[in-house]
Structure formats: C-alpha cells, structure tokens
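Colleague: everything below, folded, please.
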Amino acid sequence: MEGRSMVSMPVRMCLDVQLPRGPRSTGATNVEQSTTQNDTEPQESSNNIHKDEWLVAIENHVDDTTDKSQIQRIPSLLREKQSNNCYDPHVVSIGPYHYGKPQLDTFEKLKIPIAQKFIRACGNQVSLEQLYDEVAKMGKIALEYYEEGSIEVKDDEAFNRMMFLDACFVVHFMSINSYGIDKLDPLLPWICYFAFVQRDLFLLENQIPLLLLKVLIKFRCENEGEKTKLIQNFLDQKVTIMPPEKNSSLMLSRNILHKRWDAVFRKKRNRN
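Modeller: Have a look, this model is predicted:
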C-alpha cells in the first residue's frame, strides 16, 4: 500500500496546484498566483524527498524469497469457495497447522505407541534417544519450511517432539503399505480408518519436511532401493474417500508431493 500511495502522489500534487478557470480580477489573480507558487514550493520539495526515498527503497530492497519448497497454508480465497472439509484432516494431524485440534485427539494418542513400534522395527542399529536427537537437530531447519508468520513456536523442544512423533507415524504408515500390518500393531484396531489416514497424509497443510522422513527411513530400510520403493509405493496409492470429480484438490496435493519427492531422488541419482 505504501508503494502504491507514493506512485500516485505526483498525480495528486499536480491536480492540487491547478488554478480554477473563470474570470477574476487581476489583483486577485496575481495574489493567488503568488500564494500558489509559495505553497507549491515546499510541496514539490517534499514530493521530491518522498520520491527519492521511495526509489532508494526499491534499489536497496532485499529479496527474502527462497527457492526452498515450503509447506504453505491454503489461501483464504479457496477456503471461501469450498468447504474446509476439503483441506482439513479428518483423523490425524501431521505438522503444526492442525496440531491440537480436539477432533484429532484419538490418533494423536496413538503416536507414542506407534513411535515405539517404529523404533523396534529399526532393530538394534539405533536407540530411541539417538533417533530423536537426529530429528531434533533438524528442528530449526524444519521450521523454515513452514510459511513465515503462519505458526508461532514458543517452545523448541515441544516443536521437535511433535516433529519426531509425526515423522514416526508417517514412516510407519508407509511401511504398513509396503510390508503389511501385524497383529500387535497399534493401528490394527483402527484399520477401518486407514482410508481416512491415507487421505489426510496427502493434504497440503498436513505435511512435514521430507528431510525428517529421510532421517527415519535410512534406519528403517536396508538399502537405497528399498527406500525408494517405500516412498514410491506410498505415492502410488489411490485415494478413494470421495469420487474423483469431488476429490480434485486431494489429487492435486498428491501430484505435487509426487513431483517434489521425484525431484529430490532425481537430483540424488544425478550426483551419484
């Protein structure tokens, strides 16, 4: 708004100093002209200062945009056009945008036993503390992936714990898709909700940075081929909660995630 106001200022100034048309006495005209000229001088000087400051601000502008992929919020315009049910999770929150919502509390309580199950699946190669520390040291980097000003983190430790539990949940769910589910799995009693979980994990606002998942995946999978297959199988899932014509936003989310992850692995293959 400031920039737009400054651009239009010279136009307003020009209109203000124009003399009204119509007959008048010579004396009045001379006085008015003299007064107008005197009044115009400081206005023009002020206008020049403002314009100079505005131009300097443009020259000195620092572009704070980044080429890093970000997990952004859904624009309010889209939320106004469609029901929030299209964009909000139904059963599980991943990341900070929907964390703490009461309707998602059931699956939030499952994240600790799921994290325990995931650690055991990793075998003896890593302890719980080591795995958490690996994720926690990425906490500040992970925070930068979320849209600036969209969340307020007052407790770094609480943010890291949320990221750890959510990452364990996502990778564990991906593993179920590839390896199946056993009778001791904490998610087994909720297997009828798997389609809803699957749907929630593809929502744009319900994501965590890929770098956190990669930290956990490297301990869960034995080789690069197995890691790639784990992710590919997950991305190839078909979301069947709603008919395709009513599920366009969800399919768009899946396609975006697929392209992002594919780009990451393509860069890695090129480096090798």
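
Colleague: buried stuff in stretch 171-190?
Modeller: Under the neighbour-count criterion of 16 or more other Cβ atoms under 10 Å, stretch 171-190 has V171, H172, F173, M174, S175, I176, I181, D185, P186, L187, W190 buried. No exception for glycine: its C-beta is placed from N, CA and C like everyone else's.

Colleague: which of the residues you listed fall within helices?
Modeller: Those of the buried residues of stretch 171-190 mapping onto helices are V171, H172, F173, M174, S175, I176, per DSSP state H.

Colleague: all strands of this protein, in order?
Modeller: Using DSSP state E, no strands are found in the chain.

Colleague: returning to that earlier point: just send the buried residues of stretch 171-190 back as JSON lines, with pLDDT and distance to K51 too.
Modeller: Shown next, in JSON lines, are the buried residues of stretch 171-190 (pLDDT from 0 to 100; distance: Cβ to Cβ, whole Å):
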{"residue": "V171", "pLDDT": "95", "distance to K51": "56"}
{"residue": "H172", "pLDDT": "95", "distance to K51": "60"}
{"residue": "F173", "pLDDT": "94", "distance to K51": "58"}
{"residue": "M174", "pLDDT": "92", "distance to K51": "57"}
{"residue": "S175", "pLDDT": "91", "distance to K51": "62"}
{"residue": "I176", "pLDDT": "90", "distance to K51": "63"}
{"residue": "I181", "pLDDT": "89", "distance to K51": "68"}
{"residue": "D185", "pLDDT": "92", "distance to K51": "67"}
{"residue": "P186", "pLDDT": "91", "distance to K51": "65"}
{"residue": "L187", "pLDDT": "91", "distance to K51": "64"}
{"residue": "W190", "pLDDT": "91", "distance to K51": "64"}
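
Colleague: need these in CSV with distance to A142, can you?
Modeller: Output for the buried residues of stretch 171-190, formatted as CSV (distance: Cβ to Cβ, whole Å):
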residue, distance to A142
V171, 15
H172, 19
F173, 19
M174, 18
S175, 21
I176, 24
I181, 28
D185, 27
P186, 25
L187, 24
W190, 27
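
Colleague: mind listing what F159 touches?
Modeller: P96, G139, L143, V153 (Cβ atoms under 8 Å, 6 or more residues apart in numbering).

Colleague: how about the nearest residue to the second one, chain neighbours excluded?
Modeller: Among residues not flanking G139 along the chain, N160 sits closest, at 4.3 Å (Cβ to Cβ, 6 or more residues apart in numbering).

Colleague: check the third one too.
Modeller: Once flanking residues are discounted, L143 sits nearest to V153: 6.3 Å by Cβ to Cβ, 6+ apart.

Colleague: quick revisit: neighbours around the residue nearest to G139, how many?
Modeller: For N160, the count of nearby residues is 21 (other Cβ atoms under 10 Å).

Colleague: could you do the one 3 residues further on as well?
Modeller: Using other Cβ under 10 Å, the number of residues around M163 comes to 23.

Colleague: dump the residue contacts of it.
Modeller: Applying Cβ under 8 Å, 6+ apart, the residues near M163 are V135, A136, M138, G139, A142, I208, L212.

Colleague: of the residues you listed, closest to E224?
Modeller: Nearest to E224 among the contacts of M163: L212, at 18.4 Å, using Cβ to Cβ.

Colleague: quick one: contacts for the closest one?
Modeller: L212 neighbours (Cβ under 8 Å, 6+ apart): V135, M138, A142, M163, A167.

Colleague: who wins for most neighbours among those residues?
Modeller: For the contacts of L212, the largest number of neighbours (other Cβ under 10 Å) sits with A167, at 27 neighbours.
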